[in-house]
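S.K.: quick one, what's the 3D model for this:
(one chain, ligands or ions: 1)
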Amino acid sequence: MKLYILKPLLFFSFVFFSVYLRGQATAPDEDTGSYTTCNADGANATRTSDDLPNPVNVGTIDDRSCYANYKESDVYGKTWGIYNITHNSNQFGTSLQPRIERALSASLKTGVGSFAKFSGIVRILEVGDTSGTNNDGSYLIQAKGKHTGVGGSPDPAICLYLAKPVYGTGSNSGKQVSFDIYAERILVRGGSGSGREVVFLKNILKDEQTSFELEIGFKEDPNDASKKIHYCNAIIGGTVFNWNIPDPERGTQSKIRYGAYRVKGGRAQIRWANTTYQKAEVENQSLSIDENQVTLSSIKTYPNPAKNNFKIQLNNIENATIGIYDVLGKKVYQKTNVKESIEIINNNRFKAGIYLIKVIDNNQKVYLKKLIIN
Ligand code: CA
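M.R.: So this is what the prediction gives:
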């Protein structure tokens, strides 16, 4: 009888004590004690001027905090990038929130197979705290990307990963012992101004080495091969959190930034190690032309590829409507009642890329031709 009770008790005591120990410990490379907003050795002339010569972390520094500059520590057998920021340590105007992040070069194509992919190991030691407001926490990493059309920021954050503080009890009262990780995701293209959903993902302990993989890119929609999915997928400590971005056809690129971003109260301390980055850029293939529709001899364009002006010549097509579409299917030019030919003066109306010329004659017959602008 006694053994039945004792065994689970011992087990629970062991688990409780382990978690308790790991949760409350001070990290070897943690800044403890009081702090100021600005320090002489934390100021930097420009956002990119004060990186280490050969930083262990990948990407270009974006330091907007006068509390600290990027540093490194050798802890737990790895070299860690140190990202420390404090409330009000904005160095370049109040509109730029305090942050030390690294920007990775964007994947600028939207064809299926294009992606930007980051991986690393993160330790969270401290995050922003605003005492119960909705602005608690600091961001570890975010995926960004511009889009066509109007709405919101021209370069919005699409999905962000936020760590909110969890405080201990008893002797750990007032100490951040673990962190709730949330995904913040846009509801429509247009960024934060159009609203975001905030979804709880998982809790990780303070100073716990946690693998973090983030990939944003374009893939084929498994339910409709003519459509694309613009995805933002994360794997945090081995747990998969996949998400698809609204309006995939409007996305024009995929970008990732990581480090420490936003602290509206207190201090944030994030560490990153073993960081890697890779990207792929695949041209959009949506202009594959159905050969049955094409009567090549009916339309001539020259020069093709074109640079500035180009001419569209119609053979035996009268009173045609000519439309020119970009790779996203957006109409960039239209002219009705074309007799034999038209000359189009580019005037920067067409950026470099592939276009589709669609000619509809007065019998509603459709003719297609590909146009390349260099
Ligand atoms: Ca700085």
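S.K.: which ones are touching the spatially most central residue of the chain?
M.R.: With distances taken as CA atoms, centre = their mean, residue 143 lies nearest the centre of the chain, 1.2 Å away. By CB atoms under 8 Å, 6 or more residues apart in numbering, the contact set of residue 143 is 116, 157-160, 214, 216, 232, 254-256. C-beta here means a position set from N, CA and C on the backbone, and glycine is covered the same way.
S.K.: using the three-state scheme, assign it.
M.R.: Here residue 143 is strand, with the state taken from DSSP: H, G, I helix; E, B strand; the rest coil.
S.K.: using the three-state scheme, assign the closest residue to it other than its chain neighbours.
M.R.: Spatial nearest neighbour of residue 143, chain neighbours left out: residue 216 (4.2 Å); criterion: CB to CB, 6 or more residues apart in numbering. The three-state label given to residue 216 by three-state DSSP is strand.
S.K.: right, and residue 216 touches residue 142 too?
M.R.: No. Taking contacts as CB atoms under 8 Å, residue 216 lies outside contact range of residue 142: 9.9 Å.
S.K.: more crowded one of those two?
M.R.: More neighbours surround residue 216 than the other of residue 216 and residue 142, with 30 against 23 (other CB atoms under 10 Å).
S.K.: residue contacts, the more buried one?
M.R.: When contacts are counted by CB under 8 Å, 6+ apart, residue 216 touches 107, 115-116, 143, 145, 158-159, 230-233, 245, 254-256.
S.K.: 7 Å instead, please
M.R.: Counting by CB atoms under 7 Å, 6 or more residues apart in numbering, residue 216 makes contact with 115-116, 143, 145, 231-232, 254, 256.
S.K.: likewise residue 218?
M.R.: By CB under 7 Å, 6+ apart, residue 218 lies in contact with 110-112, 114, 228, 230.
S.K.: which strand residues sit across from it in the sheet?
M.R.: Note on residue 218: beta-bridge partners by DSSP bridges are residue 230.
S.K.: where do the helices sit along the stretch 1-150 of the chain?
M.R.: Along the stretch 1-150 of the chain, counting by DSSP state H, counting those that start in this stretch, helices occupy 2-24.
S.K.: around residue 227, how many other residues sit close by?
M.R.: Residue 227 has 12 nearby residues by other CB under 10 Å.
S.K.: relative to residue 119, how far out is it?
M.R.: Note on residue 227: its distance to residue 119, by CB to CB, to the nearest Å, is 28 Å.
S.K.: residues from the chain in reach of the ion?
M.R.: Counting by CB under 5 Å from the ion, the chain comes close to the ion at 42, 44, 63, 65, 69.
S.K.: residue ranges of each domain in the protein, please.
M.R.: Using automatic domain parsing, the domain parsing of the chain gives 31-280, 291-373.
S.K.: which ones are touching the closest residue to residue 302 other than its chain neighbours?
M.R.: Leaving out its chain neighbours, the residue that sits closest to residue 302 by CB to CB, 6+ apart is residue 311, at 5.8 Å. Contact analysis of residue 311 by CB under 7 Å, 6+ apart lists 301-302, 341, 343.
S.K.: can I get the buried part of the residues you listed as one ChimeraX selection?
M.R.: Burial among the contacts of residue 311 is assessed by 16 or more other CB atoms under 10 Å; the matching ChimeraX selection reads:
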select :301
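S.K.: residue 330: which of the contacts of residue 311 is nearest?
M.R.: The nearest member of the contacts of residue 311 to residue 330, counting by CB to CB, is residue 301 at 19.3 Å.
S.K.: adjacent strands (with direction) for the helix or strand encompassing that closest one?
M.R.: Here residue 301 is covered by strand 299-302, with elements defined by DSSP states H and E. The strands that strand 299-302 pairs with in its sheet are strand 310-314 (antiparallel) (by DSSP bridges).
S.K.: what is the rounded mean pLDDT of stretch 231-245?
M.R.: Stretch 231-245 carries an average pLDDT of 98.
S.K.: closest to residue 280 among the contacts of residue 216?
M.R.: Distances from residue 280 to those, taken by CB to CB, are shortest for residue 115, at 5.3 Å.
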